[in-house]
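Curious how this folds, go ahead:
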Amino acid sequence: MTVLLIGIGADTTNTEPTPPVYPDCRFEYVPIPEWSETTETRRYGNTALRHRDRSLADYLDRVYRDDEWHREFASRPLHHDPNFEALTFGDPGKTRSQLLRSDPGDVLAFYAGLVREGRSSPIHRYLLGYFTIDSITDFDALSSVERNRALDSHEHNAHVKQYRASGNSDRLAGLVIASGDYGQPGRLLDRAVRISERRDNGHYYFTDEWESFLDPSSPYLGGFKNPISCDVSPAAFVERLEEEVERLR
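Now for the predicted structure:
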């Protein structure tokens, strides 16, 4: 059993400013803008910040979609993936192969680039949440009957919402969905746990402490937030992460 770290959330390529982490280590989880038709009802304008009496649209200055920056985006839907309430995460792209190698009992842990409130840098990497895998669904491997059942059982996943809105089967091509086990620990954290350091070359890497504990497939945390497989037991990871969250409170 292993832990797979997956980069998520808005960043400098699709929103400005960078989502904040506050002095008490609470944070704002800001999903990326949805790029497709969707049945998602959450928008930047109707989704509140977790720790301020404002909406996501009030916090952000602009978002990037359709090859340009937009300052009018309150009605733009969120690509709410992962969905921590429904314990679901899907990807037809760069995480597909790693998800297919994952097993029930493995942990998906999610990290994002956040910046201290009121600053523009450094954009350190923080663990934001996790869940324990219950099942993996590869839509490419399903018959039409199985696919329809899978669509019903994964109705809260962002990629399924894309398909429901468009009816375009291309939205399901390559899609792999991981479902969480409600009987195991998993949640969006209430404190962000920093795992990165910025070195003299300006790039971000695991801190020595976290690299030693996680034994990651790569120590690099910069660029496009690629998935990183870690050779650590899920139980040890969850215990350590929850201890860190408690320490930060």
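
dump the residue contacts of residue 35.
65-66, 79 (Cβ atoms under 8 Å, 6 or more residues apart in numbering). For the C-beta atoms, the positions are set from N, CA and C on the backbone; glycine is no exception.

again, only using 7 Å
Residue 35 is in contact with residue 65, counting by Cβ atoms under 7 Å, 6 or more residues apart in numbering.

Three-state assignment for the residue nearest to residue 83 when sequence neighbours are not counted, please.
Nearest non-adjacent residue to residue 83, counting by Cβ to Cβ, 6 or more residues apart in numbering: residue 156, 5.5 Å away. Applying DSSP: H, G, I helix; E, B strand; the rest coil to residue 156 yields a three-state assignment of coil.

same question, residue 151
Under three-state DSSP, residue 151 comes out as helix.

how about the longest helix seen in the chain: buried residues?
Taking DSSP state H as the criterion, the chain has its longest helix at helix 234-248. For helix 234-248, a neighbour-count test (16 or more other Cβ atoms under 10 Å) marks 234, 237-238, 241, 244-245 as buried.

So which elements touch that helix?
For helix 234-248, the elements it packs on are strand 107-116, strand 124-138, strand 186-194, judged by 3 or more Cβ pairs under 7 Å, 6 or more residues apart in numbering; DSSP states H and E.

shaky segments in this protein?
Within the chain, the ranges that satisfy pLDDT under 70 run 1.

Any idea how far whichever helix or strand residue 147 is part of is from the middle of the chain?
If you go by DSSP states H and E, residue 147 is part of helix 144-153. Offset of helix 144-153 from its chain centre (Cα atoms, centre = their mean, to the nearest Å): 24 Å.

Quick check: next helix or strand after that helix?
With elements assigned by DSSP H and E, the helix or strand that comes after helix 144-153 is helix 158-166.

neighbouring contacts of that next one?
Applying Cβ under 7 Å, 6+ apart, the external contacts of helix 158-166 come out as 36-40, 79-81, 83, 90, 92, 151, 154, 171-172, 175.

quick revisit: isn't the residue nearest to residue 83 right up against residue 84?
No: the criterion here is Cβ atoms under 7 Å, and residue 156 misses it with residue 84 at 10.6 Å.

the more surrounded of the two?
Neighbour count, other Cβ atoms under 10 Å: between residue 156 and residue 84, residue 84 has more, with 19 against 16.

Leaving out the residues flanking it, which one is nearest to the more buried one?
residue 188 (4.0 Å).

Contact partners for the one you found?
Contact analysis of residue 188 by Cβ under 7 Å, 6+ apart lists 29, 84, 128-129.

gap between residue 76 and residue 142?
When Cβ to Cβ, to the nearest Å is applied, the distance between residue 76 and residue 142 equals 31 Å.

Compare neighbour counts for the two and give me the winner.
Neighbour tally, residue 76 and residue 142, criterion other Cβ under 10 Å: the higher count belongs to residue 76, 19 against 16.
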